[in-house]
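>>> Quick one, fold the following:
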Amino acid sequence: MCVVGFYLATNKLSCLNCSTAMANCEKCASATVCDKCLSGYYPSAANVCSKCMEGCYTCNTATTCIFCSAGFVLVSGVCKECDQYVFGCQSCTLASGCLSCQVGYYLASSTSCPLCRTAMQGCAVCSSSTVCVSCDLGYFINGTNKCQSCSTVGCATCNPVTSVCTTCMVGYFFNTSAQCQLCSVQYPDCGVCNSAVCLRCDSGSYLSSGACTKCTTIHQACILCNNTSCLQCESGYYLPAAGTCQVCNILGC
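Here you go, the predicted model:
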């Protein structure tokens, strides 16, 4: 005798996996007859396990669901997303309404999931309209469980006691005054940098020896390139195999 999920081979010497013989089959007695499908599937014609409707965890036909997956509610045999009934709702029941909200929203009532950022500026995740759990970049949680802005422009995280910046946002770096300075101010056309060199250039420039050089130095019509050749030309030009932009000679090109 084989354990559940396996069936006895015709030679009676081994047990074979039901789901290998029949896709999505959980329980079977042979390689051709599925007794029970995996959750989210139902036995259709010819012993094939077919997928239930979207959001359905258990069904007996393609059109009738018995139990819905998390985040859905059963309405007349059909699964509807909780978010369709209450915007921002994560779990719900037809009788009780919304039970919990999605991340970034909080439960105000069975019919309301307001956005945390609407209740508290800079709040990304909250447990109520007055208690923030996680702030957006550039903010920190103060003693009243609210998000307070870091004192430095371009600051991503800062000390909650002193408000001193500890890390800068992408596109900024710590200058000699321990302030977050925009990369493009120190290194023209630079998108990401540290205090010493540019690490990534803006579109339309390429990185060479820690600094950005415009693609137009390769060709005046080049708008995307690497440090050796042009990769894309502006409208009205085309890029042949040679790697330099050529004027289109076709009318309207």
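
>>> what are the ranges of the helices in the chain?
Listed in chain order, the helices found in the chain under DSSP state H are 18-21, 82-85, 116-119, 183-186.

>>> how about those helices in a markdown table, adding distance to Leu74 and mean neighbour count?
Placement of C-beta: from N, CA and C, glycine included. Compiled in a markdown table, the helices of the chain are given as follows (distance: least, CB to CB, whole Å; neighbours: other CB atoms under 10 Å):
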| stretch | distance to Leu74 | mean neighbour count |
| --- | --- | --- |
| helix 18-21 | 27 | 18 |
| helix 82-85 | 11 | 18 |
| helix 116-119 | 29 | 19 |
| helix 183-186 | 53 | 17 |
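
>>> Redo those as JSON lines? Include mean pLDDT and distance to Gly5.
Shown next, in JSON lines, are these (pLDDT from 0 to 100; distance: least, CB to CB, whole Å):
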{"stretch": "helix 18-21", "mean pLDDT": "90", "distance to Gly5": "6"}
{"stretch": "helix 82-85", "mean pLDDT": "89", "distance to Gly5": "32"}
{"stretch": "helix 116-119", "mean pLDDT": "96", "distance to Gly5": "44"}
{"stretch": "helix 183-186", "mean pLDDT": "93", "distance to Gly5": "57"}
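
>>> would you list these in JSON lines and tack on distance to Ala241?
Supplementary listing: the helices of the chain in JSON lines, determined by distance: least, CB to CB, whole Å:
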{"stretch": "helix 18-21", "distance to Ala241": "50"}
{"stretch": "helix 82-85", "distance to Ala241": "51"}
{"stretch": "helix 116-119", "distance to Ala241": "51"}
{"stretch": "helix 183-186", "distance to Ala241": "34"}
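
>>> Minimum distance to Ser128: which of those helices has it?
helix 116-119 (8.2 Å; CB to CB).

>>> residues making contact with that closest one?
With CB atoms under 8 Å, 6 or more residues apart in numbering as the test, helix 116-119 has contacts from Gly104, Tyr105, Tyr106, Cys123, Ala124, Val125, Cys126, Ser129, Thr130, Cys132, Asp136.

>>> Please compute how far it lies from its chain's middle.
21 Å (CA atoms, centre = their mean, to the nearest Å).

>>> how about it as PDB, C-alpha atoms only?
Backbone C-alpha positions of helix 116-119 (Å, rounded to 0.1, in the frame of the first residue of the first chain) are rendered in PDB as follows:
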ATOM      1  CA  CYS A 116      -1.100  56.200   6.400                       C
ATOM      2  CA  ARG A 117       0.500  59.100   4.500                       C
ATOM      3  CA  THR A 118      -2.900  60.900   4.500                       C
ATOM      4  CA  ALA A 119      -3.200  60.600   8.300                       C
END
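
>>> ok so, going back, tell me which of the helices of the chain sits nearest to Ser195.
Per CB to CB, nearest to Ser195 of the helices of the chain: helix 183-186, 8.4 Å.

>>> Quick one: residues contacting the closest residue to Cys52 other than its chain neighbours.
With CB to CB, 6 or more residues apart in numbering as the criterion, Cys52 has its nearest non-adjacent residue at 3.9 Å, and that residue is Cys59. Cys59 makes contact with Tyr42, Cys52, Met53, Cys65, Ile66 under the criterion CB under 8 Å, 6+ apart.

>>> cool, and Asn175?
With CB under 8 Å, 6+ apart, Asn175 has these contacts: Gln181, Gln186, Ser195.

>>> What is the nearest of the residues you listed to Ser205?
Of the contacts of Asn175, the one sitting nearest to Ser205 (CB to CB) turns out to be Gln186, at 14.5 Å.
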